[in-house]
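Peer 1: heads up, no residue letters with this:
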């Protein structure tokens, strides 16, 4: 653990945590530990706004929120959506440029890449992505398979026909995984010609694979923080940001206290005010206890 600045005397009004690799381990069924849940509950009882900024969709967020019971608005889909977990409604949403979304989706479909995206509340998956998810169901235990099957039932497999039915004006994000580092970096470079997208390359829980995550250039986690702060009436300077991946760089840059997990990529640790223990060591709980609960 490292601490670049003395923040022990500061009072923070909110904390914004990444999910996968920060709040929970990199696994689709991972749940927050009892220590993390206790720290979150105690911080909320003391009046702190506890929130998350994640690439997950609403469904993926609700899985962990059964344990966390967050009350403050949360940033979903990589910064494209500000969502009220109590009312279960959207507060703010940003969409990709329709022309660019169409070019990328059709191009990746023709290349046979594994990818998925959300458009007007519908989750679409390329054939290879859809097959991968079906294999996941077959590999899981009975109870887990039922859960994965229910998630899969809400997804649409992409075909030449469905490509013409997509509402490209309502695409919030596009994600491709699992990829090798070389393929992921090649995809990143191929996207330079698009002026209205933000691209991040991150690791995943899929056999140490990598993913490429796209949102509108004005819909990063940083923009999600701005909308969160505006909606909640707090200053970004009074928010703690915690993350572990490249996609969390804008999150940390937007916050008054930048915290990188012990398992974070080096670029995040380089800008962090504090490096917490890893997700396996309940680093998220340690951050809440240290900076919000005064332990």
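Peer 2: Happy to help now that I have it. A quick note: this is a predicted structure, and the numbers were derived from the prediction, not measured. Residues are numbered from 1 along each chain as shown.
Peer 1: quick check: domain ranges of this structure?
Peer 2: 2-94+220-291, 98-216 (automatic domain parsing).
Peer 1: now do the contacts for residue 81.
Peer 2: By C-beta atoms under 8 Å, 6 or more residues apart in numbering, the contact set of residue 81 is 58, 75, 90, 92-94, 172, 224. In short, each C-beta sits where N, CA and C put it, glycine included.
Peer 1: run the last query once more with 10 Å
Peer 2: For residue 81, the contact set (C-beta atoms under 10 Å, 6 or more residues apart in numbering) comprises 57-58, 61, 73-75, 90-95, 118, 172-173, 215, 219, 224, 227.
Peer 1: sorry, back to before: among the domains of the chain, which gets the worst mean confidence?
Peer 2: Note on these: domain 98-216 shows the lowest mean pLDDT, a mean of 86.
Peer 1: now the helices for this structure?
Peer 2: With DSSP state H as the criterion, the chain has helices at 34-45, 58-68, 98-111, 127-139, 142-152, 160-163, 181-190, 221-232, 249-254, 266-271, 283-291.
Peer 1: nearest to residue 14, out of those helices?
Peer 2: Proximity to residue 14 (C-beta to C-beta) singles out helix 221-232 among the helices of the chain, at 6.9 Å.
Peer 1: buried residues, the closest one. List them.
Peer 2: For helix 221-232, burial by neighbour count (16 or more other C-beta atoms under 10 Å) applies to 221-229.
Peer 1: end to end on stretch 89-100, go ahead and measure it.
Peer 2: Terminal residues of stretch 89-100 lie 27 Å apart, using C-alpha to C-alpha, to the nearest Å.
Peer 1: mind listing what's buried in it?
Peer 2: Residues of stretch 89-100 classed as buried by neighbour count (16+ other C-beta under 10 Å): 92, 94-97, 100.
Peer 1: same question, stretch 194-207
Peer 2: Neighbour counts using 16+ other C-beta under 10 Å place 194, 197-206 of stretch 194-207 among the buried residues.
Peer 1: the residues you listed: which two are farthest apart?
Peer 2: Spatial extent of the buried residues of stretch 194-207 (C-beta to C-beta) is set by the pair 194 and 205 at 27.5 Å.
Peer 1: so which of the buried residues of stretch 194-207 are in strands?
Peer 2: If you go by DSSP state E, these have 197-203 in strands.
Peer 1: pipe these into JSON lines and attach distance to residue 275 per row.
Peer 2: Below are those laid out as JSON lines (distance: C-beta to C-beta, whole Å):
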{"residue": "197", "distance to residue 275": "30"}
{"residue": "198", "distance to residue 275": "25"}
{"residue": "199", "distance to residue 275": "26"}
{"residue": "200", "distance to residue 275": "20"}
{"residue": "201", "distance to residue 275": "21"}
{"residue": "202", "distance to residue 275": "18"}
{"residue": "203", "distance to residue 275": "18"}
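Peer 1: return the member of those residues nearest to residue 84.
Peer 2: Distance to residue 84 across those (C-beta to C-beta) is lowest for residue 198, with 23.8 Å.
Peer 1: show me the contacts for that closest one.
Peer 2: Neighbouring residues of residue 198 by C-beta under 10 Å, 6+ apart: 78-80, 96, 173, 191, 213-223, 247, 250.
Peer 1: and what of residue 115?
Peer 2: Residue 115 is in contact with 104-105, 108-109, 124-126, 128-129, 158, 174-177, 179, 187, 211-212, 214, counting by C-beta under 10 Å, 6+ apart.
Peer 1: just to revisit the earlier point, winner for burial among the domains of the chain?
Peer 2: domain 2-94+220-291 (a mean of 20; mean count of other C-beta atoms under 10 Å).
Peer 1: what separates it from the chain centre, distance-wise?
Peer 2: 10 Å (C-alpha atoms, centre = their mean, to the nearest Å).
Peer 1: distance of the closest residue to residue 79 other than its chain neighbours from residue 255?
Peer 2: Of all residues not flanking residue 79 in the chain, residue 224 sits nearest, at 3.9 Å (C-beta to C-beta, 6 or more residues apart in numbering). The gap separating residue 224 from residue 255 is 11 Å, by C-beta to C-beta, to the nearest Å.
Peer 1: what touches both of the two?
Peer 2: The contact sets of residue 224 and residue 255 overlap at 16, 53 (C-beta under 10 Å, 6+ apart).
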